[in-house]
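Q: Would you be able to build a 3D model of this:
(2 chains)
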Amino acid sequence: MLSLIAREIRDNLVGVTLPFIISAGTIGLMIYAFFWDIGDGVFVIPGLLMLLSFIAFCGLGAGQMYGDRANRVSALLATLAATRNRIFFARVVVGAVTVLAALVPVAVAVVFLLNLRLVHLEFHVRTILEVSVTTILVGFACYCIGLQVGWTTSKARLLFGIVLWTAVVTSIVWAKGFGPWTMLLLLLFIAATLVHAWHTFTSTSL
Amino acid sequence: MNDDPVVVENLVKYYDGRCVLDGISLKVPRGCIYGLLGRNGSGKTTMIRILLGLEPSTRGRTIVLGEDSTRLSARTHGLVGYVAEGHNLIQSYKVQRLVDLCRGLSLHWNSEFFGRLMETFRLPMDRKVKELSAGMRAQLNLALAMAVDPELLILDDPTLGLDTVARRQFLELAIDVIQRQGRTILFSSHILADVERIADRIGVLAGGKLVVDCTLEELKSRVRKLRIIFPKEVPEDLYITEIVNRQAQGREMVLTVANWNPQKRAILETFGPESCTEVPMTLEDIFIECTRPPSATVPQESEVEYA
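A: Model prediction:
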């Protein structure tokens, strides 16, 4: 399993590191805006950068699947001591860890900065938690979209799929806001896309 | 439990409505080198890919080392060495990286043997796979497949694109190493001389069916090709069981029959042939007869008198 995870990281190094770079940039911008007080910009610019990181998550998932299909990587891996389930699991582990490792530091930075500004932060804990968890779920949902649409040889279909499904996910958050219902919808969306991507990957010709 | 490393039961595969494999059943006994023959598009690669779980079947069942191909465990995969047609290696990797990956994903890696193979083949470890020649890729693929000490080695047209020397080297390795260790090989090829040299048992796929499945000796002794001259036209009602191929032109008929015996000869003699001569057959001739459509013209070959 470790070999499979290491291969996923190495083969998708750009896709894995890009969210961290965006995440580091977001934290840096937040700190700059906070200490040099640029008003509402303190969260607006980082918010835009977060959108960029969602696209990066989508790109990671799509890159993993598209690269596999184009280079027939799994056609080789599945003849070694590895099953398709393990290959897929290793892939998702890399994606999930990337999403968490990129977004959790941003959430921690937000809490830290708010803590400096707000005296009674405990009143906002629930809101902060809901926003953070929803953001992480959106990130993971975007990654799952990449997995779902990436198993293709058509770049046009890949791009169209990414745009369409990302619009669906962002519209869920737009319509419902941050909160338990959005989280539930996102969880259902993630489960459905993961099952579909897994089924496609494990049942198709390699 | 069946002890045969490879079992295929009533395997059917359709591609876009076209039947590629039509009810194939075969068993590869342990320690056997099984040569699978067939023309292009006869379904050899498809059958091998179904065996390895790379392709779903339409119907039927395939079992590899006691496990259903659709649910092969990582352990069973680790006991199978596979050389794919066209040498399916990750082209963008450097050789060293590919070797590391395969080593990391193996149950058992015979470093000493692998090192010896790499020395023999003189493969550059610092070059990308796509920069290697077809022959080098074949050698790398074979070395990787053999380094895992496979219980079952599946070779899908492994010598395709290799020069004569590399082909001979490849086959000698396959025979020497695998046979010495009592391993089983399922081997498909277009080069019949290779199959004739190493196979214990032969299977011929034609028209989606397994038309031959027996030992090489059995095949050579069972199939007979006869050139029969009749006094007038070839009788239309001539029928003998197990005719592999039959071509008629005027007074002459060339008949390839399986399981030729005195009874069949007696039936033939009732039609009063003027002469009946046996045409000697190599494996290549048998293969052509088994896979040739019946409408082909009568071949002109050297003949020997039928005794």
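
Q: Grab the nearest non-local neighbour of residue A:52.
A: residue A:22 (5.5 Å; C-beta to C-beta, 6 or more residues apart in numbering or on different chains). To be clear about C-beta, it is placed using only N, CA and C from the backbone, and glycine gets the same treatment.

Q: ah, wrong one, I meant residue B:235
A: Using C-beta to C-beta, 6+ apart and skipping the chain neighbours, the partner closest in space to residue B:235 is residue B:271 (5.1 Å).

Q: So that neighbour: helix, strand or coil?
A: Under DSSP: H, G, I helix; E, B strand; the rest coil, residue B:271 falls in the coil class.

Q: Give the burial count for the residue of the stretch 101-250 of chain B found nearest chain A, as a bare number.
A: Closest residue of the stretch 101-250 of chain B to chain A, C-beta to the nearest C-beta: residue B:104 (3.3 Å). Residue B:104 has 16 neighbours, counted by other C-beta atoms under 10 Å in any protein chain shown.

Q: For it, give me phi and psi.
A: Taking degrees, to the nearest 10, you get phi -60, psi -30 for the backbone angles of residue B:104.

Q: wait, what's in contact with it?
A: Residues counted as contacts of residue B:104 (C-beta atoms under 8 Å, 6 or more residues apart in numbering or on different chains) are A:2-3, A:6.

Q: Can you mark which positions in the longest helix along chain B are buried?
A: Looking across chain B with DSSP state H, the single longest helix is helix B:134-147. Buried positions in helix B:134-147, judged by neighbour count with 16 or more other C-beta atoms under 10 Å in any protein chain shown: B:135-147.

Q: Okay, helices next: where are they in chain A?
A: Assigned by DSSP H, the helices in chain A fall at A:2-11, A:13-35, A:41-71, A:73-77, A:84-117, A:125-150, A:155-176, A:180-203.

Q: Now these in CSV, please, with extra columns for mean neighbour count and mean pLDDT.
A: Below are the helices of chain A laid out as CSV (neighbours: other C-beta atoms under 10 Å in any protein chain shown; pLDDT from 0 to 100):
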stretch, mean neighbour count, mean pLDDT
helix A:2-11, 18, 89
helix A:13-35, 18, 86
helix A:41-71, 20, 83
helix A:73-77, 22, 88
helix A:84-117, 18, 88
helix A:125-150, 22, 89
helix A:155-176, 15, 84
helix A:180-203, 16, 92
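
Q: Need the nearest residue in space to the residue nearest the centre of chain A, chain neighbours excluded.
A: Taking C-alpha atoms, centre = their mean, the centroid of chain A lies closest to residue A:139, which sits 3.3 Å from it. Nearest non-adjacent residue to residue A:139, counting by C-beta to C-beta, 6+ apart: residue A:99, 4.5 Å away.

Q: what do you get for residue B:72?
A: That would be residue B:53: by C-beta to C-beta, 6+ apart, it lies 4.9 Å from residue B:72.

Q: next one: residue B:215
A: The nearest residue in space to residue B:215 (C-beta to C-beta, 6+ apart) is residue B:201, at 5.3 Å.

Q: what pLDDT does that neighbour get?
A: On the pLDDT scale, residue B:201 is placed at 88.

Q: check contacts around it.
A: Applying C-beta under 8 Å, 6+ apart, the residues contacting residue B:201 are B:28-29, B:32-35, B:213-216.

Q: Could you pull up phi and psi at it?
A: For residue B:201, the backbone dihedrals (degrees, to the nearest 10) come out as phi -130, psi 150.

Q: what residues does chain A put near chain B?
A: A:2-4, A:6-7, A:71-73, A:75-84, A:86, A:203, A:205-206 (C-beta under 8 Å from any C-beta of the partner chain).

Q: Name the SS class of residue B:23, please.
A: Assignment for residue B:23 (three-state DSSP): strand.

Q: give the contact list for it.
A: B:10-12, B:60, B:209.

Q: Make TSV out of those residues and add secondary structure and distance to residue B:240.
A: Shown next, in TSV, are those (DSSP: H, G, I helix; E, B strand; the rest coil; distance: C-beta to C-beta, whole Å):
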residue	secondary structure	distance to residue B:240
B:10	strand	28
B:11	strand	30
B:12	strand	30
B:60	strand	31
B:209	strand	20
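
Q: filter the residues you listed to the buried ones?
A: B:11, B:60.

Q: In the contacts of residue B:23, find the pair that's most separated.
A: Distance extremes for these: the farthest pair is B:60 and B:209 at 13.1 Å, using C-beta to C-beta.

Q: any shared contact partners between those two?
A: Both residue B:60 and residue B:209 are in contact with B:23-24, where contact means C-beta under 8 Å, 6+ apart.

Q: Return the distance of residue B:157 relative to residue B:72.
A: The gap separating residue B:157 from residue B:72 is 22 Å, by C-beta to C-beta, to the nearest Å.

Q: Next: residue A:194.
A: Taken as C-beta to C-beta, the span from residue A:194 to residue B:72 is 23 Å.

Q: ok, now residue B:216?
A: 29 Å.

Q: the more surrounded of those two?
A: For residue B:216 versus residue B:72, the count of surrounding residues by other C-beta under 10 Å is larger for residue B:72: 24 against 18.

Q: residues contacting the closest residue to residue A:149 other than its chain neighbours?
A: Using C-beta to C-beta, 6+ apart and skipping residues adjacent in sequence, the residue nearest residue A:149 is residue A:161, 3.0 Å away. Residue A:161 makes contacts with A:145, A:148-149, A:152, as judged by C-beta under 8 Å, 6+ apart.

Q: ok, these vs chain B, which is closest?
A: residue A:152 (18.6 Å).

Q: The residue lying closest to that closest one once chain neighbours are set aside and chain B, how far apart?
A: Counting by C-beta to C-beta, 6+ apart, residue A:158 is the residue found nearest to residue A:152 once chain neighbours are left out, at 5.6 Å. Between residue A:158 and chain B the computed distance is 19 Å (C-beta to the nearest C-beta, to the nearest Å).

Q: Am I right that residue B:155 falls within a helix?
A: No: secondary structure of residue B:155 (three-state DSSP): strand, not part of a helix.

Q: and the nearest residue to residue A:203 once chain neighbours are set aside, what is it in contact with?
A: Once flanking residues are discounted, residue A:203 sits nearest to residue B:56: 6.5 Å by C-beta to C-beta, 6+ apart. Contacts for residue B:56 (C-beta under 8 Å, 6+ apart) come out as A:203, A:205, B:50, B:70.

Q: Likewise for residue B:79?
A: B:65, B:107, B:148, B:150-152.

Q: contacts with chain A among those residues, please.
A: B:107, B:148.

Q: Let's have the contacts of residue B:79 in a markdown table, adding secondary structure and pLDDT.
A: Output for the contacts of residue B:79, formatted as a markdown table (DSSP: H, G, I helix; E, B strand; the rest coil; pLDDT from 0 to 100):
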| residue | secondary structure | pLDDT |
| --- | --- | --- |
| B:65 | coil | 91 |
| B:107 | coil | 86 |
| B:148 | coil | 86 |
| B:150 | coil | 87 |
| B:151 | coil | 87 |
| B:152 | strand | 89 |
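
Q: Cheers, nothing more for now.
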